[in-house]
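Undergrad: okay, predicted coordinates and the sequence, questions at the end:
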Amino acid sequence: MDKIKLAVYWASSCGGCDIAIVELGEHLLELAQVADLVFWPAAMDFKYGDVEAMPDGNIDVTLFNGAIRTEHDAHIAALLRRKSRCLVAFGSCAMEGCIPALANIQGKERALHRAALETPTTDNPTDVMPASITVIPEGELQLPALCNLLRPLEQVVSVDYTIPGCPPHHDQVWQVLQQVIHGELPARGALLGVDPLTVCDQCPRTREGKVRVDRFLRPHEFIADPDRCLLEQGLVCAGPATHAGCGALCVNANMPCRGCYGPPDGVADQGAAMLDAIVAAMDGQSDAEIRRVLGTIVDPVGTFYRFSLGSSFLQQLVASAMGAAQGAAPSGEETHG
Ligand code: SF4
Ligand code: SF4
Ligand code: SF4
């Protein structure tokens, strides 16, 4: 049997998705029997020129993690799209923007300012800001320019499959790789490495179906009852609006689900679905009381859209407001897919 040609790439990524592949452990030895890794810059010394030299469609499957934050990310996404017969958005950043997309609410200038000058761990006494070109006596240093908005992969090139999760669970990754190896992938466009329905459907906790709390709490404020629904104890839990697939990992560790597997099938906007589920569980209370209790949620955007902002209706509003403010589409941001 000919070996399949497999590539793994990280764009703007924390590296956790590459670790999810390393976590395949002994399965990596099985993988090496049937697949040649032709590009995996996080693990081996490949050059972009190696990929550019390949014929188009040469790579059977590329697992692409990380979001499109820079012009370089967009360039490599287009290159790997051309060279790959099957391009997979791997993990929440590639699928929906994930936590880095939250910077879109403030805009790239504010994000740069915060990262370069304000964080408690920054030591930058002369307030040097990152620039795409810096001239030094020895020549010119170049960094890829930031795009105005961080985007999921599918907003830049067409994508064949998506594997959700921050990162995807390694058991699910192995199942997907077996589908790839045995040529058993479902129809193009499918979500891979998931289970049916929502995290709530995999959660063993007792649910009454009613949220009756005076205020919403954060996980560090109390130790939750390990048997009762966390949402009903006042912790915002994204389980009702999150695709099953991780085995309810966080709720089994007495922590609320934060939503990293993205929205369930048929749900376009995870944050709106989560808010809807909470309000439905508060049925019977006055509108004023519901508004008051919802108002106690700290950082609503970061809570409801922690992972999915980049693919949300909210991001579409931000993008159109940005386009209107600039009198044109966001600069340097061509959509190919
Ligand atoms: S999806 Fe999560 S683990 Fe993967 S690159 Fe993004 S932040 Fe890291
Ligand atoms: S809301 Fe969270 S804690 Fe409650 S049943 Fe769903 S997953 Fe479990
Ligand atoms: S419980 Fe929620 S946040 Fe935790 S791993 Fe599963 S989907 Fe992600």
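TA: Cool, the structure landed. Ligands and ions are numbered 1, 2, ... in the order given.
Undergrad: residues of the stretch 51-200 of the chain that sit close to ligand 3?
TA: Residues of the stretch 51-200 of the chain lying near ligand 3 by CB under 6 Å from any ligand atom: Val199. Just so you know, the C-beta spots here come from the backbone N, C-alpha and C atoms, and that holds for glycine as well.
Undergrad: where do the helices of the stretch 51-200 of the chain begin and end?
TA: Along the stretch 51-200 of the chain, the segments classed as helices by DSSP state H, counting those that start in this stretch run 71-83, 92-96, 108-113, 170-181, 199-202.
Undergrad: hmm, the last one touching ligand 2?
TA: So the one you mean is helix 199-202. Yes. Counting by CB under 6 Å from any ligand atom, ligand 2 is contacted by helix 199-202 at 199-200.
Undergrad: so Arg81 makes contact with Ala89?
TA: No. Applying CB atoms under 8 Å, one finds Arg81 not in contact with Ala89, separated by 11.2 Å.
Undergrad: deepest-packed of the helices of the stretch 51-200 of the chain, please.
TA: Counting by mean count of other CB atoms under 10 Å, helix 92-96 has the highest mean neighbour count of the helices of the stretch 51-200 of the chain, with a mean of 32.
Undergrad: you'd agree Tyr9 is in a strand?
TA: Yes. Assessed with DSSP: H, G, I helix; E, B strand; the rest coil, Tyr9 lies in a strand.
Undergrad: distance of the closest residue to ligand 2 within the stretch 101-250 of the chain relative to Glu221?
TA: Residue nearest to ligand 2 within the stretch 101-250 of the chain (CB to the nearest ligand atom): Gly239, separated by 2.4 Å. According to CB to CB, to the nearest Å, Gly239 stands 19 Å off from Glu221.
Undergrad: same drill for the two, tell me which one is more crowded.
TA: Taking neighbours as other CB atoms under 10 Å, Gly239 and Glu221 compare with Gly239 leading, 26 against 11.
Undergrad: ok, that one touching Leu231?
TA: Yes. Between Gly239 and Leu231 a contact is recorded at 7.2 Å, counting by CB under 8 Å.
Undergrad: between the two, which contacts overlap?
TA: Pro256 (CB atoms under 8 Å, 6 or more residues apart in numbering).
Undergrad: what about the closest residue in space to Ser13 that isn't next to it in sequence, how many neighbours?
TA: In this structure, Ser13 finds its nearest non-sequential neighbour in Gly66, 2.9 Å apart by CB to CB, 6 or more residues apart in numbering. Residues near Gly66, counting by other CB under 10 Å, number 27.
Undergrad: can you name the residues that contact Gly66?
TA: 9-13, 17, 73, 91, 93-94.
Undergrad: just those residues that are near ligand 1?
TA: Filtering the contacts of Gly66 for proximity to ligand 1 by CB under 6 Å from any ligand atom leaves 13, 17, 91, 93.
Undergrad: for the residue nearest to Pro300 when sequence neighbours are not counted, grab phi and psi.
TA: If the residues on either side of it in the chain are set aside, Pro300 comes closest to Leu294, at 7.9 Å by CB to CB, 6+ apart. Torsion angles at Leu294 (phi, psi; degrees, to the nearest 10) stand at phi -60, psi -30.
Undergrad: I'd say Leu294 and Ile278 touch.
TA: Yes. Here Leu294 lies in contact with Ile278, judged by CB under 8 Å, at a distance of 7.4 Å.
Undergrad: who has more neighbours, the two?
TA: Higher neighbour count among Leu294 and Ile278: Ile278, with 22 against 16, using other CB under 10 Å.
Undergrad: now do the SS call for the closest residue to that one other than its chain neighbours.
TA: Leaving aside its sequence neighbours, Ile278 sits nearest to Val211 (CB to CB, 6+ apart; 6.3 Å). Here Val211 is recorded as coil under three-state DSSP.
Undergrad: so who does Val211 touch?
TA: Per CB under 8 Å, 6+ apart, neighbours of Val211: 231-232, 234, 278, 281-282.
Undergrad: now list the buried members of those.
TA: Buried residues within the contacts of Val211, counting neighbours by 16 or more other CB atoms under 10 Å: 231-232, 234, 278, 281-282.
Undergrad: just the ones in helices from those, please.
TA: 278, 281 (DSSP state H).
Undergrad: now render the buried ones among the contacts of Val211 as CSV, adding distance to Thr62 and pLDDT.
TA: Putting the buried ones among the contacts of Val211 into CSV (distance: CB to CB, whole Å; pLDDT from 0 to 100) gives the following:
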residue, distance to Thr62, pLDDT
Leu231, 38, 98
Glu232, 43, 98
Gly234, 43, 97
Ile278, 38, 97
Ala281, 41, 96
Met282, 44, 96
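Undergrad: pipe the buried ones among the contacts of Val211 into a markdown table and attach distance to Leu146 per row.
TA: Putting those into a markdown table (distance: CB to CB, whole Å) gives the following:
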| residue | distance to Leu146 |
| --- | --- |
| Leu231 | 37 |
| Glu232 | 42 |
| Gly234 | 38 |
| Ile278 | 34 |
| Ala281 | 40 |
| Met282 | 40 |
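Undergrad: out of the buried ones among the contacts of Val211, which is nearest to ligand 1?
TA: Set against ligand 1, the nearest of these by CB to the nearest ligand atom is Leu231 (23.3 Å).
Undergrad: what sits against that closest one?
TA: Applying CB under 8 Å, 6+ apart, we find Leu231 in contact with 211, 237, 239-240, 256, 278, 281.
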